[in-house]
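Asks: Got a predicted model here, sequence first, then my questions.
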Amino acid sequence: MPMRYSTALPLFLMTLLGLAACEQARAPAPPPPVPVVTLAVATEAVPVAVEEVGRAEASNSATLLPRVGGQILTRHFEEGQAVAAGDLLYSVDPATFEAKLRSAEAQLARTQAELKFAQDEADRYAALETKRTVSRSQAEQFTNAAMVLRQAILAQEAEVEQARLNLAYCQVHSPIPGRAGAYLANAGAFVEAYRTPLVVVNQIDPILIVFALPEARLPEVLEALKAERLEVTATVTASGESRGGGVVHFIDNTVDPATGMIKLKARFDNPDAFFWPGQFVRVRLVLRTIPDALLVPSEAVVKCPQGTCVFLAGADAKAELRPVKTGKNLETRTLILTGLQPGDAVVVEGQNKLKPASTLKVVGR
């Protein structure tokens, strides 16, 4: 082989090897693994609840009116005071009613004496009539007189009873336990029977929480009531403090046509005045419980050509796009109806950087 060819061949081969090395260096490197956080799906019992704004309301309220008119002598309570049923709150001047009672009792005693005399005369004339000493009509006159006086006594006994009631009505008692409101009448004021308000007493233990639900929820509510009692949790809007244990005891018998809402009331024990009439609260009503629910964080659910999907971390550290059927959103989580099984590792962070078959690097949250 000529010298020039023997020298050129190795140079040619070296050039080819260099070109091949350059081409290999220009080939794109595989993308790095995408860091993600996963969550192993597990079943749990999940309450299905609705939340609405409500208002606290006294379970009973009484506006006290005097049953007799007159001047108030004494007020026996302070504004805002807790009172028991039967507590004395006001005293009306009883002098007039004491006099009327004495007059009625005196009239009754007089008529009773007249009856005794008339009955004695009727008995005497009845005896004489049997001996034919007096006529029958004469004897019947005294018998009828005694009968008239008996009827008069019945009427006068009723007058005495009414006079006693009026005297008793001079003392105004609270008909219910609760808290007294502001004074509507003070000592020395003149009041009119059944017309002048004295004070309002509100019963706050138990207390009612009044709220409304959309009429679309009514079938769920009625179905839940068939199975068990409906429990309510209420959170005071101003303080953010909550209390459970309320029970729905009233569902209105009509839907408000103007709003499409139906009114409900829940009763809460309230011995410590945790709720106060007029307060606004957030009501949470548990309608039912799903025993074996699968829930994922709502941000794990993504849109895909099939509708809704989640990314799973496969055993080969590859991302799998899994179509799922979702139910209702429960606060920050979404109910998965189909598409997942307990134990599936769902990507809950980093899914926005994934594509099907992406390499994953599972990191802690």
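Replies: Cool, got the structure.
Asks: sec struct for the closest residue to Met261 other than its chain neighbours, please.
Replies: With CB to CB, 6 or more residues apart in numbering as the criterion, Met261 has its nearest non-adjacent residue at 3.9 Å, and that residue is Ala212. In this view, the C-beta of every residue, glycine as well, is placed from N, C-alpha and C. Following DSSP: H, G, I helix; E, B strand; the rest coil, the label given to Ala212 is strand.
Asks: Please name the bridge partners of Ala212.
Replies: Ala212 forms beta bridges with Lys263, as assigned by DSSP bridges.
Asks: Verify the stated contact: it with Gly260.
Replies: No: contact criterion CB atoms under 8 Å: Ala212 and Gly260 do not qualify, at 9.5 Å.
Asks: These two: who's more crowded?
Replies: Taking neighbours as other CB atoms under 10 Å, Ala212 and Gly260 compare with Ala212 leading, 19 against 11.
Asks: what residue ranges in the protein are flagged as low confidence?
Replies: 1-29, 365 (pLDDT under 70).
Asks: for it, what spans make up the helices?
Replies: All helices of the chain, identified by DSSP state H, fall at 3-26, 95-130, 136-168, 218-227.
Asks: Could you check these and tell me which one is nearest Leu64?
Replies: Of all these, it is helix 136-168 that lies closest to Leu64, at 15.0 Å by CB to CB.
Asks: buried sites along the closest one?
Replies: By neighbour count with 16 or more other CB atoms under 10 Å, helix 136-168 contains the buried residues 139, 141-143, 145-146, 149, 152-153, 156, 159-160, 163, 166-167.
Asks: How about stretch 119-139?
Replies: Gln119, Glu121, Ala122, Tyr125, Glu129, Val134, Ala139.
Asks: now do stretch 66-86
Replies: By 16+ other CB under 10 Å, the buried positions in stretch 66-86 come out as Pro66, Val68, Gly69, Gly70, Ile72, Arg75, Phe77, Val83.
Asks: what's the span of that stretch, first residue to last?
Replies: Distance between the two ends of stretch 66-86: 15 Å, counting by CA to CA, to the nearest Å.
Asks: and that stretch, how far from the chain's centre?
Replies: Stretch 66-86 has its C-alpha centroid displaced from the chain centroid by 31 Å (CA atoms, centre = their mean, to the nearest Å).
Asks: And stretch 229-244, by the same measure?
Replies: Going by CA atoms, centre = their mean, the spacing between the C-alpha centre of stretch 229-244 and its chain's C-alpha centre is 9 Å.
Asks: Now Leu337. Nearest residue, chain neighbours left out?
Replies: Excluding the flanking residues, the one nearest Leu337 by CB to CB, 6+ apart is Lys325, at 4.5 Å.
Asks: now do Ala224
Replies: Per CB to CB, 6+ apart, closest to Ala224 is Leu287, 4.9 Å.
Asks: list the contacts for that neighbour?
Replies: Remark: with contacts taken as CB atoms under 8 Å, 6 or more residues apart in numbering, Leu287 is in contact with Val48, Ala49, Val50, Arg217, Glu220, Val221, Ala224, Leu230.
Asks: Make CSV from the residues you listed and add neighbour count and distance to Ser298 to it.
Replies: Converted to CSV, these look like this (neighbours: other CB atoms under 10 Å; distance: CB to CB, whole Å):
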residue, neighbour count, distance to Ser298
Val48, 17, 16
Ala49, 17, 16
Val50, 15, 18
Arg217, 18, 22
Glu220, 15, 22
Val221, 17, 26
Ala224, 18, 25
Leu230, 19, 26
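Asks: Format those as a markdown table; extra columns: distance to Gln107.
Replies: Converted to a markdown table, those look like this (distance: CB to CB, whole Å):
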| residue | distance to Gln107 |
| --- | --- |
| Val48 | 73 |
| Ala49 | 69 |
| Val50 | 68 |
| Arg217 | 66 |
| Glu220 | 68 |
| Val221 | 63 |
| Ala224 | 65 |
| Leu230 | 61 |
